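Engineer: sequence-free structure coming up:
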């Protein structure tokens, strides 16, 4: 990838700018992979009281593009 992923949080939705070089995006909550998505947003559906640290990684195609670094962290 040629740019880092920068994520933002609005209510319970994490979003980022779509990259045409990404094949998918991995969503990490509190350091654990929770889901892989194709869209450029993810809705957090955690109902337990607490703080959740969220990061995103863009997945490359493993041919022309490598995976991105982890994004910045947002706390939900």
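Structural biologist: Yep, it's here. Please read all numbers here as calculations on a predicted model, not as lab measurements.
Engineer: Going by C-alpha atoms from here, please, whenever you check contacts or count neighbours.
Structural biologist: Noted.
Engineer: Okay, now the unreliable bits of this protein?
Structural biologist: For the chain, residues meeting the criterion pLDDT under 70 lie at 1-3.
Engineer: Do you have the strands of it handy? List them.
Structural biologist: Secondary structure of the chain (DSSP state E): strands at 7-10, 13-16, 24-29, 32-37, 41-43, 53-59, 74-75.
Engineer: Reformat these as JSON lines; add distance to residue 67.
Structural biologist: Listed next are those as JSON lines, based on distance: least, Cα to Cα, whole Å:
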{"stretch": "strand 7-10", "distance to residue 67": "16"}
{"stretch": "strand 13-16", "distance to residue 67": "16"}
{"stretch": "strand 24-29", "distance to residue 67": "9"}
{"stretch": "strand 32-37", "distance to residue 67": "13"}
{"stretch": "strand 41-43", "distance to residue 67": "18"}
{"stretch": "strand 53-59", "distance to residue 67": "4"}
{"stretch": "strand 74-75", "distance to residue 67": "20"}
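Engineer: Can I get the ones you listed in a markdown table including mean neighbour count?
Structural biologist: Shown next, in a markdown table, are those (neighbours: other Cα atoms under 10 Å):
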| stretch | mean neighbour count |
| --- | --- |
| strand 7-10 | 16 |
| strand 13-16 | 17 |
| strand 24-29 | 20 |
| strand 32-37 | 13 |
| strand 41-43 | 17 |
| strand 53-59 | 23 |
| strand 74-75 | 15 |
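Engineer: Nice, that's everything, thank you.
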